[in-house]
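K.L.:
What shape does this take:
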Amino acid sequence: MYQLCPSILSADFNRLGEQIEILEKEGIKWLHIDVMDGDFVPSISFGMPVIKSIRKESELFFDVHLMVSEPGRYIQDFVDCGADSITVHAEACEDLERTIELIRDAGVKAGVSIKPATPVNDISHMLEDVDFVLVMTVQPGFGGQKYIEDCTEKIQKLRELIDRENLDVDIQVDGGINDETLETVMKAGANLFVAGSWVFSGDIAKNVRHIRKRIEDIGDTIE
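P.N.:
Numbering: from 1, shown residues only. Take a look at the predicted model:
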């Protein structure tokens, strides 16, 4: 299952509701929501009030990516305000197993994310316990960065591990995904694609149609 996951970090917050509505009309199913605390990453984005506000008007799957220190403190709060999945960083958790357990207990999908420098082996023991792995293909915290080529090998290794164990685990990629890099990550084994500026720069509807056609065309060559 291939899925485009637009990141609202690149949206125009003055028109956020309107832009989410455009995504829904274009058939988007997942909305990627980056929460940054200014501690785990340098930037501060937004938190529960924004998610709660857009939840009232949207039926999209809210894919909440917590780039925060010790995210276990906030799991239930984010579920209460509308998260359908919560992804935490392996590097941000003192007890990753317990944090994933908290997400599971809250009744939403669980994801684990790794920074570009973090080896796949650091989270390989968690693959049976998560629904997806988010491979950061740029340094977390800022939009508009260039894809880090070394991450391709990590995606391939993850796909090999998942397939070898016959696990039902998706691979999500976030950072520098565009016309050039989409084919790279798809052929490496990723199937969930976070895109910010590629979606929200210019005509959103036109961009979504273009990206989904690219995903379909590349997918046909892989299958």
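K.L.:
Now do stretch 193-207: distance from first to last residue.
P.N.:
For stretch 193-207, the separation between the terminal residues is 14 Å (CA to CA, to the nearest Å).
K.L.:
Pull out the buried residues from it.
P.N.:
For stretch 193-207, a neighbour-count test (16 or more other CB atoms under 10 Å) marks 193-200, 204, 207 as buried. Glycine gets a C-beta too; all of them are placed from N, C-alpha and C.
K.L.:
so where's the chain uncertain?
P.N.:
Residues of the chain meeting the criterion pLDDT under 70: 142-144.
K.L.:
in it, which helix has the most residues?
P.N.:
For the chain, the helix with the greatest residue count under DSSP state H is helix 204-222.
K.L.:
Find the residue closest to residue 115 in space, skipping its chain neighbours.
P.N.:
Excluding the flanking residues, the one nearest residue 115 by CB to CB, 6 or more residues apart in numbering is residue 136, at 5.3 Å.
K.L.:
Next one: the closest residue to residue 37 other than its chain neighbours from residue 203, what distance?
P.N.:
Spatial nearest neighbour of residue 37, excluding adjacent residues (CB to CB, 6+ apart): residue 68 at 3.9 Å. Per CB to CB, to the nearest Å, residue 68 is found 33 Å from residue 203.
K.L.:
where along this protein do the strands fall?
P.N.:
Ranges of strands in the chain, per DSSP state E, are 3-6, 30-36, 61-67, 85-89, 109-114, 132-136, 170-174, 192-195.
K.L.:
Between these, which one is closest to residue 126.
P.N.:
strand 109-114 (5.6 Å; CB to CB).
K.L.:
Pairing partners for that closest one, with directions?
P.N.:
strand 85-89 (parallel), strand 132-136 (parallel) (DSSP bridges).
K.L.:
Surely the residue nearest to residue 37 touches residue 43?
P.N.:
No. If you go by CB atoms under 8 Å, residue 68 and residue 43 don't touch, sitting 11.3 Å apart.
K.L.:
what sits in contact with each of those two?
P.N.:
residue 36 (CB atoms under 8 Å, 6 or more residues apart in numbering).
K.L.:
Specify which residue of these two has the higher count of neighbours.
P.N.:
For the pair residue 68 and residue 43, the greater number of neighbours falls to residue 68 (22 against 15), based on other CB atoms under 10 Å.
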